[in-house]
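J.: okay, predicted coordinates and the sequence, questions at the end:
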Amino acid sequence: MSTGINHIDEAAVKEHGVKLGNTANVQNNSVADVAIGVMIAAAKRFKEGVADIESGEWKFGTNQTLGQDIAGSTVGIVGLGSIGQAIVRRLKGFDVARFLYTGRSDKPEAISLGAERVSLGKLLKESDYVMLGCPFTPETKHLINKEALNKMKRSAVLVNYARGDIVDQEALYEALKEKRIFAAGLDVVTPEPLPKDHPLISLPNCFIVPHLGSSTLTTRNKMAIIAANNVLLALDGKPMQCPIN
Ligand SMILES: O=CC(=O)O
């Protein structure tokens, strides 16, 4: 019951002749909503705002709590898959000025979305929001490391709705602490669950939610139905709805 299959040992599945299917695509809208949710929360400093309210300090509205705008910004999507495309469609309503993306090949959908394919280096340098939506593979492990974070603008926000291991979290901690980037909004981390004394949790400019991407009743129901159908189809020797092998 997931889109990502990085938690499955694909070689073992193949070796034992086990049929594998996922629940791709039905969670695109829900995950896109959460990605934009954490993006806004990080950009507008919601974590510090909530802490102010809870402590009764009410610093809001002073220049200590200025956030970042989304209108007029450049948004860079690392991996313009179906979720990335749902994010772009939504962010058009926020008057984003420019969409960039990286990927192994040109996405035909990018033309109508008005997204330009660039190198990762250019995307990191020019984006106000860097959105991570690529699959986790050996090639994408720690794709966002110290060097990558150093390329980002000091005012930039990093958003991860893909997998925690795409980011080198020690490097992210340093970059956020030293304010080398503005903030991070994370729906995914490593490990999950994140221990409650994890350093990232202590940072005011790191907004984390516990992998909520697909957690709506409607989306989880759709996923459950696909998973159940996949089992029945596989038992009948028929092609699964979302086959991987
Ligand atoms: O992260 C969630 C999924 O892969 O479905």
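T.: Looks like it arrived, so ask away.

J.: can you pull the contacts of Leu158?
T.: By C-beta atoms under 8 Å, 6 or more residues apart in numbering, Leu158 lies in contact with 130, 132, 144, 149, 152, 167, 172, 181, 183-185. Where you see a C-beta, it was placed from the backbone N, CA and C, and this is true even at glycine.

J.: over to Gly114?
T.: Here Gly114 is in contact with 88, 99 (C-beta under 8 Å, 6+ apart).

J.: related to what we said a few turns ago, with secondary structure added, can I get the contacts of Leu158 in CSV?
T.: As requested, these are exported to CSV (DSSP: H, G, I helix; E, B strand; the rest coil):
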residue, secondary structure
Val130, strand
Leu132, strand
Ile144, strand
Leu149, helix
Met152, coil
Val167, strand
Leu172, helix
Ile181, coil
Ala183, strand
Ala184, strand
Gly185, strand
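
J.: you'd agree Ala71 is up against Lys92?
T.: No - Ala71 lies out of contact with Lys92 (C-beta atoms under 8 Å); the separation is 11.1 Å.

J.: and those two? which has more neighbours close in?
T.: Set side by side, Ala71 and Lys92 show more neighbours around Lys92, with 12 against 9, by other C-beta atoms under 10 Å.

J.: C-terminal to the worst-scoring helix or strand of the chain on mean pLDDT, what's the next element?
T.: Within the chain, no helix or strand scores below helix 46-55, which has a mean of 92 by mean pLDDT, DSSP states H and E. Downstream of helix 46-55, the next assigned helix or strand under DSSP states H and E is strand 74-78.

J.: returning to that earlier point: tell me the buried residues in the least confident helix or strand of the chain?
T.: Going by neighbour count (16 or more other C-beta atoms under 10 Å), the buried part of helix 46-55 is 46-49, 52.

J.: pretty sure Ala32 contacts Ile83?
T.: Yes - at 5.5 Å, Ala32 and Ile83 qualify as touching, with contact defined as C-beta under 8 Å.

J.: for the longest helix seen in the chain, buried residues please.
T.: Counting by DSSP state H, the longest helix found in the chain is helix 217-235. Of the residues in helix 217-235, those buried by neighbour count under the rule 16+ other C-beta under 10 Å are 219-220, 222-223, 226-227, 229-230, 233-234.

J.: need the contact partners of that helix.
T.: Helix 217-235 is contacted by residues 1-2, 19, 21, 23, 26-27, 29-30, 214, 239-243 when judged by C-beta under 8 Å, 6+ apart.

J.: picking up where we left off before, how far off centre is the least confident helix or strand of the chain?
T.: 24 Å (C-alpha atoms, centre = their mean, to the nearest Å).

J.: swap in stretch 204-222?
T.: Stretch 204-222 sits 11 Å away from the centroid of its parent chain (C-alpha atoms, centre = their mean).

J.: okay, now it: how far is its last residue from its first?
T.: Using C-alpha to C-alpha, to the nearest Å, the end-to-end distance of stretch 204-222 comes to 36 Å.

J.: care to break this structure down by domain?
T.: 1-27+221-245, 29-57+67-213 (automatic domain parsing).

J.: still on that earlier bit, and the buried residues of helix 46-55 as CSV, adding distance to the ligand?
T.: As requested, the buried residues of helix 46-55 are exported to CSV (distance: C-beta to the nearest ligand atom, whole Å):
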residue, distance to the ligand
Phe46, 22
Lys47, 22
Glu48, 27
Gly49, 27
Asp52, 32
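
J.: which residue, other than its chain neighbours, is closest to the residue most central in space within the chain?
T.: Closest residue to the average C-alpha location of the chain: Tyr161 at 1.8 Å, with C-alpha atoms, centre = their mean. Of all residues not flanking Tyr161 in the chain, Ala35 sits nearest, at 4.0 Å (C-beta to C-beta, 6 or more residues apart in numbering).

J.: repeat that for Asn150.
T.: Excluding its sequence neighbours, the residue lying closest to Asn150 (C-beta to C-beta, 6+ apart) is Arg180, at 6.8 Å.
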